[in-house]
Each structure stands twice: as C-alpha cells, then as structure tokens.
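S.K.: Take this sequence and fold it.
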Amino acid sequence: QVQLVESGAGLAQAGGSLRLSCAASGRTFSRYAMGWFRQTPGKEREFVAVISWSGGSTYYANSVKGRFTISRDNAKNTVYLQMNSLKPEDTAVYYCAAERTVSSLATPTRADLYDYWGQGTQVTVSS
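M.R.: Okay, the predicted model is just below:
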C-alpha cells in the first residue's frame, strides 16, 4: 500500500510560480513511477507530468512543457512539481499518483494505469 499526500496548494498570479509536493508512505516508493494529473469541474482528469522511479526519465503534457518541472527525492519519499509561468488555464485540482513499474525508465501517462492517488490540492491562477 502507498498513501500519497499533496501539499503546496495556493493562489498565484499569471506568470507566477508554485511548487507542489507529494509525500508518499511505504518502503517501496523508489519502485513507483510518479505522475501528476489535474482536473477541472466537468472535465476528465488530465495528464500533466510523470517521472520514472529512477528519476532518469520524465515526460510532460504539451500544455506544460517548458514551464513545469517534475522531480523526486527517493530518500524523502517525495515528488515535486515546480510550476513556473503559470497561466489561468492551469487552474485545477492537482493530483499525484503512483504506479509500480518494472522498468526504471517507464513513464506512464494514462490515469487508469495508476494504482494509488492523493486527495488532490487546489491550484488557482488569477489573470
């Protein structure tokens, strides 16, 4: 079992920055690919970014590429999402998720592949 708790929610102005954190419980965190997804009312959960369990591979949605950076610290069982140059369309509830993968470089992007989810944290970007 893996439990995930997000933090770092907040309000930012367009062009500003926020950093989200996701703390995981469990001794095998280092064998889980970690993803960030986001969701707005009435829409499906959208992939944002993912990092492989080794940290050696990352992948981003086109909408955030060049603005967001995902990273992880396996010693702290924590994954981060640094969000820069925020836009109003980044407003959403952000979720972190974990999927155990065999490959150290796997970067799953489909929400239905993930086994564990955090409770979500609200990010609001004002124009």
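
S.K.: which stretches of the chain have low pLDDT?
M.R.: 27 (pLDDT under 70).

S.K.: I'd like to know how far the most centrally placed residue in the chain sits from Ser127.
M.R.: Closest to where the C-alpha atoms of the chain average out (Cα atoms, centre = their mean) is Trp36, at 2.2 Å. Separation of Trp36 from Ser127 (Cβ to Cβ, to the nearest Å): 23 Å. For the C-beta atoms, the positions are set from N, CA and C on the backbone; glycine is no exception.

S.K.: Equivalent analysis for Gly120, please.
M.R.: 23 Å.

S.K.: quick one: which of the two has more around it?
M.R.: Set side by side, Gly120 and Ser127 show more neighbours around Gly120, with 17 against 9, by other Cβ atoms under 10 Å.

S.K.: The more buried one reaches Glu6, doesn't it?
M.R.: Yes - counting by Cβ atoms under 8 Å, Gly120 does reach Glu6; the two are 6.6 Å apart.

S.K.: Residues that sit against both of the two, list them.
M.R.: Shared contacts of Gly120 and Glu6 (Cβ atoms under 8 Å, 6 or more residues apart in numbering): 94-95.

S.K.: that older thread, can you pull the contacts of the residue nearest to the centre of the chain?
M.R.: 20, 22, 48-50, 70, 79, 81, 94-97.

S.K.: Help me confirm that it is found in a strand?
M.R.: Yes - assessed with DSSP: H, G, I helix; E, B strand; the rest coil, Trp36 lies in a strand.
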